[in-house]
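Asks: I'd like to go over a predicted model; first the sequence, then the structure.
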Amino acid sequence: MTLWAREPEVVEDINARHVNRTFLPGIDLNPEVRATSELPAVANADAILAVVPAQHLRETMTKLGRVVAANTPVIICAKGIEQSTNRFMGDVLEDVAPHLLRVVLSGPSFAADVARGLPSALTLACRNETVGRALAAALSSRQMRLYWTSDVLGTELGGAVKNVLAIAAGIVEGRGLGASAHAAIVTRGFAELRRFGEAMGARPETLLGLSGLGDLILTCGSPQSRNMSLGRALGEGRSLAEILGARSAVTEGVFTSKALVKLAHERGVDMPIAEAVNGIIEGRLLVDEAITALMQRPLKAED
């Protein structure tokens with residue numbers, strides 16, 4: 001197995017020590033995993049897992065698409081919406097490398113848990129059922145179950161939206177608003193995810209599955225989540241610049257929030273929690289102002 005990495009220190013760590021201290025500290029990697037800084041070195045793989053940050057997927061896939069054979073499955077693991085175009089990751093791949101096969105892997109999983117061999121279950125989405133089921137079987141193990149679906153958009157959508165909602169859940173925890181408020185923000189956040197998903201054409205059963213509700217529960221409920229922990233730090237009064245400056249890994253919800261709100265406006269979808277998160281991130285709203293505005297919205301029927 002060959003892993004491409006942009007950072008020379010990551011390549012050196014993996015090849016010389018079989019660890020990745022930058023992004024996966026404390027985990028011993030299989031010695032058969034070899035790293036490279038040369039992107040064409042992964043071009044002959046039977047399938048490619050694209051785990052680059054969402055905002056860098058276009059650049060990476062543009063380069064990779066020039067050297068990869070047609071119909072090679074590219075399994076997109078990044079969860080987000082491209083901020084400059086409001087495009088989902090699969091759409092970005094089709095923009096720059098339409099000859100490659102779009103596959104999405106998403107669901108409730110922390111990289112450290114998977115790397116330690118702890119049990120997990122994920123959704124693998126591919127419109128080609130034969131290829132999708134074959135990839136799900138190839139990537140599954142005793143510790144990880146993959147469920148196939150043909151709903152690529154719905155699978156992508158859940159992974160992207162939950163990152164923004166997890167920031168809101170973190171803010172509630174960081175502000176010390178209690179378990180009741182946390183349950184409320186997650187539940188009403190899921191209502192927003194469902195409304196947005198239906199407007200975009202996602203299947204309801206996908207949004208209720210691992211890549212939707214499942215991923216939302218995990219990401220909103222654990223400080224292991226970069227998005228949830230960022231929200232918690234915001235709720236504690238730290239600035240966004242300070243939080244991001246102390247991190248090496250990308251917090252996707254920060255970049256997705258603006259694109260998500262714009263798409264929701266275009267489709268007439270009411271997403272007040274997502275809008276509040278975006279307002280805080282852009283500096284237009286203080287945390288307490290956003291909380292007050294949400295609590296003082298006009299009352300309405302739950303459905």
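Replies: That came in fine, so what should we check first?
Asks: show me where the stretch 51-200 of the chain has strands.
Replies: Assigned by DSSP state E, counting those that start in this stretch, the stretch 51-200 of the chain shows strands spanning 73-76, 81-82, 87-88, 101-106, 120-126, 144-149.
Asks: Throw those into a markdown table and include distance to Phe23 and mean pLDDT, thanks.
Replies: (Glycine included, C-beta is placed from N, CA and C.) Formatted as a markdown table, the strands of the stretch 51-200 of the chain follow (distance: least, Cβ to Cβ, whole Å; pLDDT from 0 to 100):
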| stretch | distance to Phe23 | mean pLDDT |
| --- | --- | --- |
| strand 73-76 | 18 | 98 |
| strand 81-82 | 22 | 96 |
| strand 87-88 | 24 | 97 |
| strand 101-106 | 18 | 98 |
| strand 120-126 | 18 | 98 |
| strand 144-149 | 19 | 98 |
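Asks: Could you check how far the nearest residue to Leu101 once chain neighbours are set aside is from Arg127?
Replies: Computed as Cβ to Cβ, 6 or more residues apart in numbering, the closest residue to Leu101 that is not its neighbour in sequence is Pro73, at 4.5 Å. Using Cβ to Cβ, to the nearest Å, one obtains 11 Å as the distance from Pro73 to Arg127.
Asks: Between these two, tell me which one has more neighbours.
Replies: Using other Cβ atoms under 10 Å as the criterion, Pro73 and Arg127 rank with Pro73 on top: 19 against 14.
Asks: ranges for the helices of the stretch 201-303 of the chain?
Replies: Along the stretch 201-303 of the chain, the stretches classed as helices by DSSP state H, counting those that start in this stretch are 204-207, 215-221, 226-235, 240-245, 252-266, 272-281, 287-295.
Asks: Go through the ones you listed and name the closest to Glu59.
Replies: Closest approach to Glu59 among these (Cβ to Cβ): helix 252-266, 14.4 Å.
Asks: just the angle between that closest one and helix 272-281, please?
Replies: Relative orientation of helix 252-266 versus helix 272-281 (axes from the mean of the first three to the mean of the last three Cα atoms, to 10 degrees): 120 degrees.
Asks: that older thread, could I get the strands of the stretch 51-200 of the chain as JSON lines with distance to His18?
Replies: Compiled in JSON lines, the strands of the stretch 51-200 of the chain are given as follows (distance: least, Cβ to Cβ, whole Å):
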{"stretch": "strand 73-76", "distance to His18": "23"}
{"stretch": "strand 81-82", "distance to His18": "34"}
{"stretch": "strand 87-88", "distance to His18": "34"}
{"stretch": "strand 101-106", "distance to His18": "24"}
{"stretch": "strand 120-126", "distance to His18": "22"}
{"stretch": "strand 144-149", "distance to His18": "21"}
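Asks: Could you export the helices of the stretch 201-303 of the chain as TSV, including mean pLDDT, distance to Trp4 and mean neighbour count?
Replies: Listed next are the helices of the stretch 201-303 of the chain as TSV, based on pLDDT from 0 to 100; distance: least, Cβ to Cβ, whole Å; neighbours: other Cβ atoms under 10 Å:
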stretch	mean pLDDT	distance to Trp4	mean neighbour count
helix 204-207	97	30	18
helix 215-221	97	25	23
helix 226-235	96	22	25
helix 240-245	95	25	12
helix 252-266	96	20	22
helix 272-281	98	30	23
helix 287-295	96	39	15
